[in-house]
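Participant: Sequence first, predicted model second:
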Amino acid sequence: MIDKYPQIQNEFNEFSQSDVTHALQISGMAIWEYDIISRDVKFNENWFVILGYGLDELPPKTSTFYQLLHPEDYDILKDAEKAHLIHNPHGILEVQYRMRTKSGKWKWLRNRSKLIYDEDDHPIKWVGSILDISRLKDSEHQVIQKNQHINAVVNSLSDIIYEIDEDYTFINCWVPNNNPLHTRIKSYKGKNVSDVFSRTVYSYFKNLVDETINTGKPQELTYYSPKFDKYYLARTTMIPRNDSFKKHITMVVQDITSIQKTRNRLEKNEANLNAIIQNTSDVFWAIDITGNMIIFNQAFDELYYNLSHLHPEIGAPLYDGFLLDETAKRWRLIHAKSLNGIDTQFSKHVHFLDGRKRFYKFHINPLKNLEGEIIGSVVTGRDIDDIYTSKKQAEKAARLKSKFVSTISHEIRTPLNAILGTCHQLELNNKQENLNEDINILHLASENLLSLINDVLDFTKLESGKSTYKPSHFNLTHLLKNISQFLRNLATNKGLEFNIDITEDLPEFITTDKTKLHQILTNLLNNAIKYTDKGMVNFRVTSNKTSKDKALIGFEIIDTGVGIPKSDLKNIFDSFTQSSTSFDLQKGGTGLGLAITKNLVNLLNGEITVKSTVGKGSIFYLELEFDIYHQKMKTTEPHYLSEDLEGINILIAEDNEINAKIITRLLGQWNASYDLACNGQIAVDYAKKTSYNLILMDIQMPKKNGFEASSEIRNLNIGNNCSTPILALTAQPDFSFDPSYQEGIFNGYILKPFHPDNLKSILLTHTKHSA
Ligand code: ADP
């Protein structure tokens with residue numbers, strides 16, 4: 001193989017030796033020769049130049065070479081030589097390694113070498129050339145580093161990056177390692193977009209690439225892949241190149257499925273919300289802190305137009321539409337409050353340009369962002385004109401009804417007083433036995449009529465909210481005895497047994513609305529007697545002290561009467577409800593008593609329940625908590641009706657002849673003396689002359705009414721009547737609300753029609769100490 005060496009020489013033969021030396025010098029290439037037999041090594045000048053040494057600074061020895069070789073490259077070099085000798089001993093061996101320069105830096109060198117053989121095919125020399133490839137290595141290194149960098153970025157971002165040329169060929173693909181499609185996407189490299197994607201995605205990509213190349217500007221596109229049920233965002237940018245090769249772009253593809261699905265959901269929610277806001281008949285708008293419209297709905301648009309003949313605009317100031325400065329000013333103030341975090345609500349008439357006016361209710365609240373910062377003010381408004389008008393009408397109707405009921409009852413009560421009074425007198429004085437039954441019927445019918453009117457009145461009073469809780473301190477045992485005494489008579493007259501059982505530890509004095517408690521117990525006991533034909537009515541009162549100042553009192557009214565069927569029990573406290581058992585018995589009544597009772601119990605914060613068995617009887621149980629009144633009170637024992645009014649002098653002012661007759665007859669029976677005045681003026685004249693123990697004063701009288709006459713009597717300086725108790729006689733059930741009564745001129749009032757026993761008891765109470 002020695003012939004190869006001369007062959008090379010021959011190629012150079014065309015050049016002179018010095019030409020070759022020159023050319024080698026210029027190329028910067030070093031050449032070397034190693035004599036296998038003598039082990040001598042030769043380097044040309046360039047070798048010293050590459051390594052930065054002077055010619056005499058490096059001994060030309062193989063050991064010098066290995067000293068300067070990078071330790072990491074020694075094995076590489078040796079392995080390459082070994083492999084070469086085994087596999088390709090006549091070929092060219094190319095290796096790259098690093099050598100240390102004089103300055104201590106490493107240089108990358110490319111070594112190409114060849115073995116030279118003698119005729120017997122024994123290697124005799126090893127010759128080679130060395131080229132400094134450090135620059136090339138540097139840029140190669142940079143490319144690798146860049147790639148690694150891109151890979152790191154891609155892996156951290158989870159985006160896919162493609163480099164695509166103008167023919168839609170994938171030049172490069174970077175895909176995160178954890179992407180399930182990693183291998184697949186990597187394999188796109190070198191393929192055309194049309195080969196790997198569906199027609200739809202290809203057309204998206206093609207358009208993007210074209211658009212980017214044509215405009216030179218970045219482009220983006222969101223697309224959906226039904227195959228993977230994923231949304232992607234593709235962004236393209238031109239890669240700047242100053243050569244004339246094909247244009248390249250980068251395409252970053254981001255999986256935005258979760259963002260897009262959330263966005264879709266939000267958009268749907270927003271659309272729903274918007275539909276609700278837009279379709280509601282309520283007016284809705286919001287402004288930002290500068291007073292500019294942020295949002296409004298159709299209803300507001302209409303309202304605004306009706307007020308200004310303008311349409312509101314998003315971003316424009318709200319107040320422009322208010323023609324009146326005053327209105328704009330008011331809304332500015334309201335919004336200012338709202339922007340300060342204060343909620344407001346108000347109702348007002350809104351006047352339209354066409355002369356109509358409607359009543360609106362507005363709610364104004366601060367508008368806050370997610371951080372809770374106030375960013376505006378939001379208003380909802382409702383046209384409540386129809387409701388408002390109906391409410392006004394209903395209130396008017398209720399007032400009229402109430403007035404009607406009280407006027408009618410007033411008109412009925414006065415003659416009824418006469419009828420009842422006459423019945424009473426007839427019962428006392430009748431000598432004709434055959435009339436007794438008729439008188440009795442007349443009496444019962446009148447009593448029924450009276451209780452009916454009383455029920456209707458009480459009910460209207462409760463319904464209209466006129467009945468209020470008026471507490472006073474009183475002796476509970478006395479009240480209970482009073483009630484039972486009257487009802488015992490009623491029960492005994494019917495042949496019923498009446499038992500009262502009051503616990504011994506009942507608090508002596510309590511604070512509550514005495515009149516209402518009286519009415520509740522009377523109603524329940526009255527019913528028990530009314531709906532019981534034989535047997536007994538038991539009234540049991542128990543007490544349980546819940547604290548030092550409070551007691552829970554239980555009232556149990558037990559009867560052996562007709563009972564109430566189960567089906568009627570649940571509605572028995574509703575108004576106008578009567579049970580079938582009692583209805584068949586034709587006991588009369590309105591079905592209002594229990595409704596009134598229940599309402600009154602509610603007013604006293606109590607509970608009422610009922611248990612009943614048809615044919616066996618009923619138990620009404622009432623529980624009320626009362627405040628215990630600890631101070632001692634001066635109380636008078638209830639007046640027993642056997643007491644007389646002897647020695648009592650009473651002035652009666654009453655213009656109605658029959659009523660006057662009934663009162664005077666009763667007073668006569670109770671041995672009281674009296675004067676009768678048929679109008680207010682005469683009453684005053686009497687009062688000037690005589691001192692009375694009590695004055696009964698009708699309210700509606702000619703000349704001077706009861707109120708005027710009483711005021712004059714109170715101011716009289718003559719006689720002793722300025723402190724005489726004056727009791728008003730009235731048919732007006734809510735007289736206690738009357739301004740004349742409220743002035744305090746009267747010491748009390750007697751409601752017409754009255755029961756003679758009641759009248760007597762009241763008269764006794766007021767005259768006890770004056771007789
Ligand atoms: P009224 O007695 O005027 O009909 P109430 O409201 O007082 O009206 O009573 C309603 C109905 O409840 C009565 O009609 C009667 O059917 C039934 N009821 C009330 N108390 C009793 C009772 N103690 N025993 C049987 N039925 C009763």
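Facilitator: That came through, no problem.

Participant: quick one: strands adjacent to the helix or strand hosting residue 696?
Facilitator: Remark: residue 696 resides in strand 694-698, with elements defined by DSSP states H and E. In its sheet, strand 694-698 lies beside strand 649-653 (parallel), strand 726-730 (parallel), with partners assigned from DSSP bridges.

Participant: Mind putting the ones you listed into TSV with mean neighbour count, distance to the ligand and mean pLDDT?
Facilitator: All C-beta atoms are positioned from the backbone trio N, CA, C, and that covers glycine. Rendered in TSV, the data for those read as follows (neighbours: other C-beta atoms under 10 Å; distance: least, C-beta to the nearest ligand atom, whole Å; pLDDT from 0 to 100):
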stretch	mean neighbour count	distance to the ligand	mean pLDDT
strand 649-653	24	34	92
strand 726-730	24	25	90
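
Participant: which residues are contacting stretch 215-233?
Facilitator: Counting by C-beta atoms under 8 Å, 6 or more residues apart in numbering, the neighbours of stretch 215-233 from elsewhere in the structure are 198, 200-201, 204, 207-208, 211-212, 234-238, 253-257, 259-261.

Participant: again, only this time at 10 Å
Facilitator: With C-beta atoms under 10 Å, 6 or more residues apart in numbering as the test, stretch 215-233 has contacts from 159-160, 180-181, 197-198, 200-201, 203-205, 207-213, 234-238, 240, 247, 249-261, 263-264.

Participant: ok, now stretch 354-364?
Facilitator: The list of residues contacting stretch 354-364 from outside it, by C-beta under 10 Å, 6+ apart, reads 282-283, 303, 306, 309, 331, 334-335, 337-339, 342-352, 377-389, 391-392.

Participant: If any of these are buried, give me the ChimeraX selection for them.
Facilitator: The following ChimeraX selection, which keeps only the buried ones among those, applies the criterion 16 or more other C-beta atoms under 10 Å:
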select :283,303,331,334,335,338,339,350,377,378,379,380,381,382,383,385,388
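
Participant: Where helices are concerned, which of the contacts of stretch 354-364 count?
Facilitator: By the criterion of DSSP state H, membership of the contacts of stretch 354-364 in helices covers 303, 306, 331, 334-335, 337-339, 385-389, 391-392.

Participant: Pick the one among the residues you listed closest to the ligand.
Facilitator: The shortest separation between the ligand and any of those is 29.5 Å, and it belongs to residue 391 (by C-beta to the nearest ligand atom).

Participant: How about the contacts made by that closest one?
Facilitator: Taking C-beta under 10 Å, 6+ apart, one finds 359, 384 in contact with residue 391.

Participant: what's the pLDDT at it?
Facilitator: Model confidence at residue 391, given as pLDDT, is 89.

Participant: Which residues of this protein lie near the ligand?
Facilitator: Contacts of the chain with the ligand, taken as C-beta under 6 Å from any ligand atom, map to 527-528, 531, 559, 561-564, 572, 577-579, 582, 589-595, 618.

Participant: From the residues you listed, list the buried ones, please.
Facilitator: Neighbour counting with 16+ other C-beta under 10 Å marks 527-528, 531, 559, 561-564, 572, 578-579, 582, 589-595, 618 as buried within those.

Participant: Hmm, residue 164 is touching residue 249, no?
Facilitator: Yes. In terms of C-beta atoms under 10 Å, residue 164 counts as a neighbour of residue 249; the distance is 5.6 Å.

Participant: Neighbour count for those two, which is higher?
Facilitator: Remark: of residue 164 and residue 249, residue 164 carries more neighbours, 27 against 22, as counted by other C-beta atoms under 10 Å.

Participant: Many thanks, I have nothing further to ask.
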